[in-house]
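# Give me a model of this one.
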Amino acid sequence: MLLDEPFGALDALTRRQLQQWLLGVWSQFRQTIIFVTHDMDEAVYLADRVYVMTPRPGRIRLQMEIPLGRPRLPEMITSGQFGALKGELLAALEAQ
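Okay, here's the model as predicted:
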């Protein structure tokens, strides 16, 4: 499945519900999902692996494994590990 910013224009509650739905779909079918997002929290929360791209020409600046356990629970977003992963991604973006 390829999803390009599918939750970008949604309110916070609907976005959270659809994130949980997508995690459920992945858990059931275990197929690759490529999810494009500009939201760091969403990237860390949903992904097993995150790629940070450079501006034009688009190249991979960073590939990061996300070592959060499954199932992904909303309370993970406030954990120190989550914050550290998000910080590493933000640092890679700022280095551009």
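
# all contacts plus neighbour counts: C-alpha atoms, from now on.
OK.

# Tell me where this structure has strands.
For the chain, the strands defined by DSSP state E occupy 2-4, 34-36, 49-53, 60-65.

# residue contacts, Leu23?
Neighbouring residues of Leu23 by C-alpha atoms under 8 Å, 6 or more residues apart in numbering: Leu46, Arg72.

# hang on, the earlier thing: could you dump the strands of the chain into TSV and include mean pLDDT, distance to Arg15 and mean neighbour count?
TSV is the format used below for those (pLDDT from 0 to 100; distance: least, C-alpha to C-alpha, whole Å; neighbours: other C-alpha atoms under 10 Å):
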stretch	mean pLDDT	distance to Arg15	mean neighbour count
strand 2-4	97	14	11
strand 34-36	97	14	15
strand 49-53	96	19	16
strand 60-65	96	23	13
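
# could those strands go into TSV alongside distance to Gln28?
Output for the strands of the chain, formatted as TSV (distance: least, C-alpha to C-alpha, whole Å):
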stretch	distance to Gln28
strand 2-4	17
strand 34-36	16
strand 49-53	19
strand 60-65	21
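
# For Arg16, which of these is the nearest?
Taking C-alpha to C-alpha, strand 34-36 is the member of the strands of the chain nearest to Arg16, at 15.1 Å.

# Show me the contact partners of the closest one.
Contacts of strand 34-36 (C-alpha under 8 Å, 6+ apart): Met1, Leu2, Leu3, Asp4, Glu5.

# Which residue lies closest in space to Tyr51, excluding its sequence neighbours?
Of all residues not flanking Tyr51 in the chain, Gln63 sits nearest, at 4.5 Å (C-alpha to C-alpha, 6 or more residues apart in numbering).
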